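Q: for reference, the sequence and a predicted model appear below.
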Amino acid sequence: MTNRSTLIGALAFLVLAAAAPALPPWLISLATIAFAHALVVLGLVIMWRAGLVSFGQALYYAVGAYCVALVSRFTGITDAFVLIVLGGLAAGLLAVLVGFLLARYREIFFAMLSLAMSMILYGVLVKTEALGSTDGFNVAPATFLGYAPEGAMLNLALFWLVLVLSALAAAAIGVYFRSVAGAIAVPVRDNEIRIEFLGLSVNRLIHLKLVIAGILGGVGGALAAMTISHVDPNMAYWTTSGGFVFVTILAGAGSIAAAFVGSFAFEMLRSIAVALLPGAWQLILGSVLLITILFVPDGLGSLFMRKTRGKEGEPA
């Protein structure tokens, strides 16, 4: 069944890539942002499976975004591939350092400490004039191995890039979930002491998950910065982290594909809500979140998993 799911996912990405030139520019931009955010959500899914909820994932998202902005501004490097690697590495390095502290905590302590880290960065960005303070600053248009597309072609190029990176990330995380470090997430959540008795370090396993999630967050932030051509301190604010948690709840931790579907649904829903109720669009998002928790507590991914098990003759 894994091979079938992989094939379906690959075909879906190919169809999206082929159909992109025929889609309206606004939808291309929205989908690019949605898939960039889905990479951040995948990091949350990795931690969610181990019973960890981070309210500070915007920390790595903002670091990746600002890394792209600062490198392009002060060095003149605008190649998208180089900037994405640098954004992911910067966020991953920060996750390594922060992980030495966070990996020791669980439950609400982990959630609040992760939030505190993100808000510290937010405070630094707001108070630092060299980083644009509250207004942030613009990001130079991305180039691709020397080619500098403009307008609609730049949007298409970024969309195709985010599709490729999303496909690679989904495949890599699928492999990780089937590895010992990935598969042991549920036992870590249920009984850490038993895992320790087996000779495995729970703190190291969680630290690894934090680093992977940090790299994904940095890559997502780098892609977002190149897509909107601007960075500002709100990228590190708690509401940004809350949006990622919202999508994680909407998607659930049972399916990798659900992270992308949930992220796109969230961005589309938010756009529609802002258009319909500019002054109270949060009301629509909150209602959707409440309905999801009440009727689909395991997220959208659980619907697909339930259907799959039913086809195989197993209890749903």
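A: Received the coordinates, thanks.
Q: and the helix or strand hosting residue 117, what other elements does it pack with?
A: Using DSSP states H and E, residue 117 sits in helix 107-127. Judged by 3 or more CB pairs under 8 Å, 6 or more residues apart in numbering; DSSP states H and E, helix 107-127 is in contact with helix 58-74, helix 80-102, helix 238-251. The C-beta positions use only the backbone N, C-alpha and C, and glycine is treated the same way.
Q: please name whichever of the ones you listed is nearest to residue 279.
A: Among the helices and strands packed on helix 107-127, the nearest to residue 279 by CB to CB is helix 238-251 (16.6 Å).
Q: so what's the gap between the helix holding residue 117 and the chain middle?
A: In terms of CA atoms, centre = their mean, to the nearest Å, the centre of helix 107-127 is found 17 Å from the chain centre.
Q: check the gap between the residue nearest the centre of the chain and residue 162 for me.
A: Per CA atoms, centre = their mean, the C-alpha nearest to the average position across the chain is that of residue 40, at 1.2 Å. Counting by CB to CB, to the nearest Å, the gap from residue 40 to residue 162 is 12 Å.
Q: kindly report the same for residue 33.
A: Applying CB to CB, the value for residue 33 to residue 162 is 9 Å.
Q: what stretches of the stretch 201-316 of the chain score poorly on pLDDT?
A: Residue ranges of the stretch 201-316 of the chain with pLDDT under 70: 304-316.
Q: can you list the residue ranges for helices in it?
A: 202-228, 238-251, 256-276, 281-295, 300-311 (DSSP state H, counting those that start in this stretch).
Q: out of those, which is the most enclosed?
A: helix 202-228 (a mean of 26; mean count of other CB atoms under 10 Å).
Q: for it, packing partners?
A: Using 3+ CB pairs under 8 Å, 6+ apart, helix 202-228 is in contact with helix 25-48, helix 58-74, helix 80-102, helix 152-178, helix 185-190, helix 192-197.
Q: the inter-axis angle of that helix versus helix 238-251?
A: Put simply, helix 202-228 runs at 110 degrees to helix 238-251, going by axes from the mean of the first three to the mean of the last three CA atoms, to 10 degrees.
Q: got the angle for helix 202-228 vs helix 80-102?
A: Angle of helix 202-228 versus helix 80-102, following the same axes, to 10 degrees, is 150 degrees.
Q: quick thing: my sequence starts at 42, can you match it?
A: Done: numbering now begins at 42, and the last item shifts to helix 243-269.
Q: show me how far helix 243-269 is from its chain's centre.
A: 7 Å.
Q: ok, now stretch 147-154?
A: Its chain's C-alpha centre and that of stretch 147-154 lie 19 Å apart, by CA atoms, centre = their mean.
Q: distance of the closest residue to residue 125 other than its chain neighbours relative to residue 257?
A: Leaving aside its sequence neighbours, residue 125 sits nearest to residue 263 (CB to CB, 6 or more residues apart in numbering; 4.8 Å). Separation of residue 263 from residue 257 (CB to CB): 11 Å.
Q: joint contacts of these two?
A: The contact sets of residue 263 and residue 257 overlap at residue 129 (CB atoms under 8 Å, 6 or more residues apart in numbering).
Q: residue 300 touches residue 82, doesn't it?
A: Yes - using CB atoms under 8 Å as the test, residue 300 is close enough to residue 82 to be in contact (4.5 Å).
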